[in-house]
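Asks: When you get a sec, could you give me coordinates for this:
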Amino acid sequence: MQQIADGIFYIGVNDHELDLFEGQYIVPNGMAYNSYVIMDEKVAVMDGVDGNFVDEWMGKLEAALDGRTPDYLVVQHMEPDHSGSILAFVERYPEATIVGSVGAFNMMQNYFGTKFEGHNLVVKDGATLSLGTKELTFLAAMNVHWPEVIFTYDATDKVLFTADAFGKFGALDVDEDWDCEARRYYFGIVGKFGPFVQKALAKVDQLDVQVICPLHGPILSEDLGHYLGQYRTWSAYEVETPGVVIAYSSVYGHTKEAVELLAAKLKEKGCPRVVVTDLARDDQAEAVEDAFRHGHLVLATTTYCGGIFPAMHEFISHLLDHDYQKRTIAFVENGSWAPAATKGMKALTDQMKGITYAEHGVTVKGSLNDASRAQIDALAEELAAQF
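Replies: Numbering: from 1, shown residues only. A predicted model of the protein is given here:
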């Protein structure tokens with residue numbers, strides 16, 4: 001049992017059975033469903049876990065309690081990978097009080113058919129709950145990333161419980177880089193709600209935080225400035241790493257050939273970073289992550305049924321869904337007799353905010369020739385000059 005601070009213990013679980021988080025995000029290293037217990041004059045459990053791991057979680061909770069009975073279950077987030085154990089908790093500890101926002105209790109009615117009347121405590125932004133020597137302060141964190149979310153701050157130990165914020169993909173018994181999987185997690189799940197994340201960060205800035213306890217991923221207790229800085233960059237839709245992402249789809253290899261030539265020329269001309277992703281084969285969530293991370297995006301695809309190849313359409317739709325903005329976009333199209341992909345792609349990207357379009361584009365009619373190679377060279381020169 002991991003001790004986080006005096007009287008605060010980790011009782012979460014690792015899930016290596018899951019293949020797709022939220023039904024769409026590949027998680028090769030599984031997921032962690034974090035839960036915590038605060039032992040004071042009164043006992044508060046901070047969130048539950050996925051319903052498939054109730055028995056393991058209950059065993060860890062009972063070991064931590066060592067014969068005591070919890071007084072509170074604080075529900076910071078109602079997504080089923082955390083709330084799936086609430087009914088089992090209530091059955092085991094019927095006298096405990098459930099703590100949450102009004103939105104959380106409305107969702108409990110939807111999920112469980114009850115708001116646990118007589119055993120609930122509705123808390124608003126700034127509300128406090130004394131456990132004895134420790135006092136919890138609740139912070140509304142609406143739409144980070146669901147509307148009912150609250151953060152909880154323990155001023156005594158300077159610990160901030162942040163629901164899904166600062167989480168990442170991957171179980172805790174696997175060693176992997178935080179930034180990569182936290183970034184993919186953020187832009188896939190939280191990315192659309194940047195303004196709300198900014199509001200939550202403004203509240204966090206008023207606190208003395210030494211430890212961050214998210215509901216996914218590792219407990220953060222060192223170099224917190226880095227993690228907070230990443231969230232500030234991501235939530236403001238700012239460029240994290242200068243470079244060009246080339247996202248493409250190719251049917252017979254000619255568009256791929258054009259993309260490989262463009263990537264080579266960008267590197268030759270000193271572009272600091274070039275990322276190439278095949279949208280039909282690579283993880284689209286990784287491609288979305290890369291697009292948000294870097295400042296320049298080249299969309300390259302074939303004309304298909306008079307429009308855009310499906311993998312490209314799906315990718316741009318993901319970007320739109322997550323409020324992609326404040327970037328430079330260029331187009332590469334291919335069409336054997338009537339190229340129309342650029343027109344279709346631009347119709348979609350025109351819906352994005354703060355987009356600057358490259359002056360040069362590329363049109364390949366079938367396979368590369370001198371004219372399309374010259375266009376690639378001009379586009380590479382334009383993009384590389386911006387670094």
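Asks: Any regions of the stretch 1-150 of the chain where pLDDT drops low?
Replies: The model of the stretch 1-150 of the chain has no residue with pLDDT under 70.
Asks: Okay, strands next: where are they in it?
Replies: 2-5, 8-10, 13-15, 20-21, 25-26, 31-33, 36-39, 43-46, 72-74, 97-100, 120-122, 128-130, 135-140, 150-154 (DSSP state E, counting those that start in this stretch).
Asks: so what's the residue nearest to the spatial centre of the chain up against?
Replies: When CA atoms, centre = their mean is applied to the chain, the residue found nearest the centroid is Y186 (1.8 Å). Residues in contact with Y186 (CB atoms under 8 Å, 6 or more residues apart in numbering) are 231, 234. Placement of C-beta: from N, CA and C, glycine included.
Asks: if we can go back for a sec, tell me which of the strands of the stretch 1-150 of the chain sits nearest to P272.
Replies: Ranking these by their distance to P272 (criterion: CB to CB) puts strand 25-26 first, at 28.0 Å.
Asks: now what about that closest one, what contacts it?
Replies: 19-20, 169, 184-185, 188-189, 283, 285.
Asks: now with 10 Å?
Replies: Strand 25-26 is touched from outside by 18-20, 31, 169, 184-185, 188-189, 283-286, with contacts defined as CB atoms under 10 Å, 6 or more residues apart in numbering.
Asks: Would you pull up how far that strand lies from the middle of the chain?
Replies: 11 Å (CA atoms, centre = their mean, to the nearest Å).
Asks: Buried residues in stretch 312-331, which are they?
Replies: 312-313, 315-316, 318-319, 322-324, 327-331 (16 or more other CB atoms under 10 Å).
Asks: And stretch 341-361, by the same measure?
Replies: For stretch 341-361, by 16+ other CB under 10 Å, it's 341-342, 344-345, 348-349, 352, 355, 358, 360-361.
Asks: Show the average pLDDT along it.
Replies: Averaging pLDDT along stretch 341-361 yields 97.
Asks: ranges for the helices of the protein?
Replies: Here the chain has its helices, by DSSP state H, at 54-65, 80-83, 86-92, 102-112, 178-185, 194-204, 224-235, 254-268, 284-293, 310-321, 341-349, 370-384.
Asks: Generate CSV for the ones you listed, with distance to G12 as supplementary columns.
Replies: As requested, the helices of the chain are arranged in CSV below (distance: least, CB to CB, whole Å):
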stretch, distance to G12
helix 54-65, 8
helix 80-83, 10
helix 86-92, 14
helix 102-112, 19
helix 178-185, 16
helix 194-204, 22
helix 224-235, 18
helix 254-268, 42
helix 284-293, 23
helix 310-321, 29
helix 341-349, 40
helix 370-384, 44
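Asks: Quote the end-to-end distance of stretch 98-105.
Replies: This stretch, stretch 98-105, spans 9 Å end to end (CA to CA, to the nearest Å).
Asks: Next: stretch 153-165.
Replies: 14 Å.
Asks: now do stretch 38-48
Replies: End-to-end distance (CA to CA), stretch 38-48: 13 Å.
Asks: can you pull the buried residues of it?
Replies: 38-40, 42-48.
Asks: if we can go back for a sec, pLDDT and distance to L61 added to the buried residues of stretch 312-331, as a markdown table?
Replies: Below are those laid out as a markdown table (pLDDT from 0 to 100; distance: CB to CB, whole Å):
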| residue | pLDDT | distance to L61 |
| --- | --- | --- |
| M312 | 97 | 48 |
| H313 | 97 | 46 |
| F315 | 97 | 42 |
| I316 | 98 | 45 |
| H318 | 96 | 38 |
| L319 | 97 | 41 |
| H322 | 96 | 35 |
| D323 | 96 | 38 |
| Y324 | 97 | 41 |
| R327 | 98 | 45 |
| T328 | 98 | 51 |
| I329 | 98 | 50 |
| A330 | 98 | 54 |
| F331 | 98 | 55 |
